[in-house]
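Visitor: attaching a predicted model along with its sequence, questions to come.
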Amino acid sequence: MSAPEKKSAGGPLASILALPNDSGKKTIFMAVAVCLVCSVVVASAAVGLRPLQAANQERDRIRNIVDVAGVAQPGQSAAEAFREKVESMLVRLEDGSKSDEFDVATFDIQKASKDPSMSRPMPKSEDQANIKRQPTHMPVYVVRGESGEVQRLILPVHGAGLWSTLYGFLALDGDLNTVSGLKFYQHAETPGLGGEVDNPNWRAIWDGKMIYDDQGNPSIQLVKGSVDASTPDAEHKIDGLAGATLTSRGVENLINFWLGEDGYGPFIERLKNERG
Ligand SMILES: Cc1cc2nc3c(=O)[nH]c(=O)nc-3n(C[C@H](O)[C@H](O)[C@H](O)COP(=O)(O)O)c2cc1C
């Protein structure tokens, strides 16, 4: 058999593989082949794992809501507690009315904030939380008592810290004023500084604090040093995070923004009126 016949029998692939290992042509071919195989594997994994990621995110959201609401019984899973105790609703922020314009179960605050049809640009003068765009609707979560009265209201909140936007949930008692929990589930503040928003001891300071002053304005203040019972207006004041004044100011601003007129204020007003 002649040499040209051998080449055509194996094809171009065989002829490249037959080259010596130090051949430039073979090295480039192998590098491109490895890149192609890896990109196919990575792309397939990204697409294939997407449903799993979405399910994990949903589980995480439910766990955080149940956590901040404090409704899970011992031995009960977060999913069960959520199903049994928590009512989800979508609120149109402008007037505080309930809405079914979007599906509350799949509502994604971060996606909505980027979608011009689901959010509005924030004028600088109103943008206390420094979020640039605000969703027109937000999901809220209610825990009711035996006679249907609101026992807990869980409100998603977000706003800028120093390095990142902090996303969390604030829980209020049935008086719609007293804080019963605060938990941030996503941020990129510095561990040990702004990241101390996750410290359970700091989070516990929030419990029992009052959002609104006598005029009904959100009045939370994060102050330098520690607050004790003798501090004037202690019910509105929280210890600032040591060495993290900018994150602390961000948290103060985002809470006051979301609980105010441009946030859940109209919705909270409606709940109070329904209660009579
Ligand atoms: C590496 C590095 C990371 C920091 N991370 C934060 C942070 O996450 N949040 C924050 O408020 N300040 C952070 N700071 C400090 C701020 O730059 C600023 O000095 C601080 O907020 C002032 O707070 P203080 O007045 O309590 O010291 C960081 C500083 C450095 C050098």
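Guide: Structure's in. What do you need?
Visitor: can you pull out the strands in the stretch 101-250 of the chain?
Guide: 119-121, 133-135, 137-144, 150-160, 165-173, 179-186, 221-223, 237-239 (DSSP state E, counting those that start in this stretch).
Visitor: and the closest residue to the ligand within the stretch 1-150 of the chain, what is it in contact with?
Guide: Taking Cβ to the nearest ligand atom, the ligand has its nearest neighbour within the stretch 1-150 of the chain at Asn130, 13.5 Å off. Heads up, the C-betas are built off the backbone N, CA and C, glycines and all. By Cβ atoms under 8 Å, 6 or more residues apart in numbering, Asn130 lies in contact with Gly159, Ala160, Gly250, Asn253.
Visitor: ranking those residues by neighbours, who comes first?
Guide: Within the contacts of Asn130, neighbour counts (other Cβ atoms under 10 Å) peak at Gly250, which reaches 26 neighbours.
Visitor: hmm, which two among the contacts of Asn130 are most spread apart?
Guide: Across the contacts of Asn130, the longest distance by Cβ to Cβ is 8.0 Å; it joins Ala160 and Asn253.
Visitor: what sits closest to Glu235 if chain neighbours are left out?
Guide: Of all residues not flanking Glu235 in the chain, Met210 sits nearest, at 4.4 Å (Cβ to Cβ, 6 or more residues apart in numbering).
Visitor: verify the contact between that neighbour and His236 for me.
Guide: Yes: if you go by Cβ atoms under 8 Å, Met210 and His236 touch, sitting 5.9 Å apart.
Visitor: mind listing the shared neighbours of these two?
Guide: Common neighbours of Met210 and His236 (Cβ under 8 Å, 6+ apart) are Ser219.
Visitor: what's in contact with stretch 184-201?
Guide: With Cβ under 8 Å, 6+ apart as the test, stretch 184-201 has contacts from 60-61, 64, 161-169, 202-203, 241-244, 246-248, 250-251.
Visitor: and Ile65, what is it in contact with?
Guide: Going by Cβ under 8 Å, 6+ apart, the list of residues near Ile65 reads Phe82, Val86, Tyr141, Ile154, Phe169.
Visitor: end-to-end on stretch 198-208?
Guide: In stretch 198-208, first residue to last residue: 18 Å (Cα to Cα, to the nearest Å).
Visitor: show me where the protein dips below the pLDDT cut-off.
Guide: With pLDDT under 70 as the threshold, the chain has low-confidence stretches at 1-9.
Visitor: report the central residue of it.
Guide: The centroid of the chain falls nearest to Tyr167 when counting by Cα atoms, centre = their mean (3.8 Å).
Visitor: rewinding a little: so which of the contacts of Asn130 is the closest to the ligand?
Guide: Looking across these and measuring by Cβ to the nearest ligand atom, the closest to the ligand is Gly250, at 7.6 Å.
Visitor: spit out the contact partners of that closest one.
Guide: By Cβ under 8 Å, 6+ apart, Gly250 lies in contact with Ala129, Asn130, Gly159, Ala160, Gly161, Leu162, Leu166, Gly194.
Visitor: closest residue of the stretch 101-250 of the chain to the ligand?
Guide: For the stretch 101-250 of the chain, Cβ to the nearest ligand atom, closest residue to the ligand: Gly194, 2.7 Å.
Visitor: got a list of what the residue lying closest to that residue once chain neighbours are set aside touches?
Guide: Excluding the flanking residues, the one nearest Gly194 by Cβ to Cβ, 6+ apart is Thr247, at 3.1 Å. By Cβ under 8 Å, 6+ apart, the contact list for Thr247 reads Gly161, Leu162, Leu166, Glu189, Leu193, Gly194, Val197, Leu241.
Visitor: tell me which residues in stretch 62-79 are buried?
Guide: The neighbour-count check on stretch 62-79 (16 or more other Cβ atoms under 10 Å) flags Ile62, Arg63, Asn64, Ile65, Val66, Asp67, Val68, Ala69, Val71, Ala72, Ala78 as buried.
Visitor: cool, stretch 41-58 as well?
Guide: So for stretch 41-58, nothing qualifies as buried (16+ other Cβ under 10 Å).
Visitor: what of stretch 24-35?
Guide: Buried, per 16+ other Cβ under 10 Å, within stretch 24-35: Phe29.
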